[in-house]
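[1] give me coordinates for this.
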Amino acid sequence: MKENPKISVIVPMYNVEKYIPRCMKSIQNQTFTDFEVLMIDDGSPDKSADLAEKFAKDDDRFVLYHKINGGLSDARNYGLERAKGEYVVFIDSDDCIHKDYLKVLYDECVSHNADISYCSFCNSFCMSKITLPAFSRIKTGVFDTEKALNMLISDKYLHSFAWNKMYKKSLFTDNHITYPKIYFEDVATSPRVFFHANRVAITSRPLYYYERRGGSIMSTMDMKKVNHLLLSILFIKNYVCLHNAYDKYKHSIDRISKKMYLINWYSIINEHVKAWNFRGLKDNFRINRKLYEYLISPDYTPTKDAPVLPVELKQPKKH
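    Predicted coordinates for the structure are as follows:
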């Protein structure tokens, strides 16, 4: 492994053996070559680690780490602790990247003196070998912190995925930012990282290929995941309040809170229908409203510890 690579590529792995070769080859074939790859085997039960080991043996830029399963957040944090690069990128191991991905994102950061660069992405369907550009409203440009963070929080032009971005590693390390062990950990984390960026450079080129497959978090929503989604928004509010910047981002926080409040109506009804149990339905509607009001309330006292929802939606039991 290189002693001082420009970029650290962090790739958590869990139960993705059929995607590993495609992912690693796309990294190996980058036109930008000054990087290290930290492959984090998060206790995967399949042959993911065996396939990754071949890349570690053939290319000294690739290093395989083994750890007890702790989830995606834990694997990313594990990689951040060991990354040597000035910049870091996260790549999900079932995804892949364009050959110019690292070069373009690095050049965007350097040429614009930006702490973060961001690109558009394609939806990939591995089994059919089809890639389709994702609908995006983003336009190439350079934005200051406040503008970029408002776009990110509101989830209108920019999205909080950990991937499709390059970050100065110091944004994490200097500000003690890690991924919390919850669903939608990227929603809770990316805005906190953006908060400290001097500027964000954006390219509308779709350079990241996001694999669309069954079993994603959004396709398997339940009340626990809905609660964590709301909690991730509270992480954002709590952080900007701690830094006395709530007024700058209040409109965006209100916007995403209202969006989630409306979407949650569908999730609540869907969970009760799946369980064929409508006892507690009205209570969940009431709790959803209470959480929405909590997220948009200006009367909020931030905490230095991880924030906690005052009440949670309840999963209906199967009839």
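
[2] if residue 210 is in a bridge, with which residues?
    residue 123 (DSSP bridges).

[3] what of residue 119?
    Applying DSSP bridges, one finds that residue 119 bridges with residue 203.

[4] residue contacts, it?
    101, 104, 105, 164, 165, 202, 203, 204, 205, 206, 207, 208 (Cβ atoms under 8 Å, 6 or more residues apart in numbering). In short, each C-beta sits where N, CA and C put it, glycine included.

[5] one more pass at 6 Å, please.
    Contacts for residue 119 (Cβ atoms under 6 Å, 6 or more residues apart in numbering) come out as 164, 203, 205, 207.

[6] in strands, which of the residues you listed appear?
    Mapping the contacts of residue 119 onto strands (DSSP state E) picks out 203, 205, 207.

[7] all strands of the stretch 51-200 of the chain, in order?
    For the stretch 51-200 of the chain, the strands defined by DSSP state E, counting those that start in this stretch cover 62-67, 87-90, 96-97, 116-125, 130-133, 141-144, 165-168, 199-211.

[8] among these, which gets the worst mean confidence?
    Lowest mean pLDDT within those: strand 130-133, at a mean of 67.

[9] most neighbours, which of the contacts of residue 119?
    Most neighbours among these, by other Cβ atoms under 10 Å: residue 164, with 25 neighbours.

[10] could you find the closest non-adjacent residue to it?
    residue 208 (4.3 Å; Cβ to Cβ, 6 or more residues apart in numbering).

[11] circling back to that earlier point, got the contacts of residue 119 as CSV, with distance to residue 262 columns?
    Converted to CSV, these look like this (distance: Cβ to Cβ, whole Å):
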residue, distance to residue 262
164, 26
203, 32
205, 32
207, 32
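
[12] and which of these is nearest residue 240?
    Ranked by distance to residue 240 (Cβ to Cβ), the contacts of residue 119 are led by residue 164 at 22.9 Å.

[13] where does the prediction get shaky in the stretch 201-319 of the chain?
    213-219 (pLDDT under 70).

[14] can you show me the helices along it?
    Secondary structure of the stretch 201-319 of the chain, counting by DSSP state H, counting those that start in this stretch: helices at 223-242, 246-275, 281-296.

[15] pick the most deeply packed of these.
    helix 223-242 (a mean of 21; mean count of other Cβ atoms under 10 Å).

[16] which secondary structure elements does it contact?
    Contacts defined by 3 or more Cβ pairs under 6 Å, 6 or more residues apart in numbering; DSSP states H and E place helix 223-242 against helix 185-194, helix 246-275.

[17] redo that, cut-off 7 Å
    The contact analysis (3 or more Cβ pairs under 7 Å, 6 or more residues apart in numbering; DSSP states H and E) places helix 223-242 against helix 185-194, helix 246-275, helix 281-296.

[18] present those as JSON lines; the columns should include distance to residue 314.
    Formatted as JSON lines, the helices and strands packed on helix 223-242 follow (distance: least, Cβ to Cβ, whole Å):
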{"stretch": "helix 185-194", "distance to residue 314": "22"}
{"stretch": "helix 246-275", "distance to residue 314": "9"}
{"stretch": "helix 281-296", "distance to residue 314": "6"}
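
[19] quick one: which of those is nearest residue 141?
    Using Cβ to Cβ, the helices and strands packed on helix 223-242 put helix 185-194 closest to residue 141, at 15.2 Å.

[20] and that closest one, what does it pack onto?
    So helix 185-194, by 3+ Cβ pairs under 7 Å, 6+ apart, packs with helix 145-154, helix 223-242.

[21] at 10 Å instead, please
    helix 72-82, strand 116-125, helix 145-154, strand 165-168, helix 170-173, helix 223-242, helix 246-275 (3 or more Cβ pairs under 10 Å, 6 or more residues apart in numbering; DSSP states H and E).

[22] between the first one and strand 62-67, how many degrees?
    Our comparison of helix 72-82 with strand 62-67, counting by axes from the mean of the first three to the mean of the last three Cα atoms, to 10 degrees, yields an angle of 130 degrees.

[23] state the mean pLDDT of helix 72-82.
    97.

[24] quick one: residues contacting residue 28.
    37, 55, 58, 59, 61, 62 (Cβ atoms under 10 Å, 6 or more residues apart in numbering).

[25] so where's the stretch 1-150 of the chain uncertain?
    In the stretch 1-150 of the chain, residues with pLDDT under 70: 1-2, 126-135.

[26] and if we set it to 90?
    Applying pLDDT under 90 to the stretch 1-150 of the chain picks out residues 1-4, 122-139.

[27] follow-up on the earlier one: how about the strands of the stretch 51-200 of the chain in TSV, adding distance to residue 10?
    Converted to TSV, the strands of the stretch 51-200 of the chain look like this (distance: least, Cβ to Cβ, whole Å):
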stretch	distance to residue 10
strand 62-67	10
strand 87-90	5
strand 96-97	13
strand 116-125	15
strand 130-133	23
strand 141-144	25
strand 165-168	11
strand 199-211	14
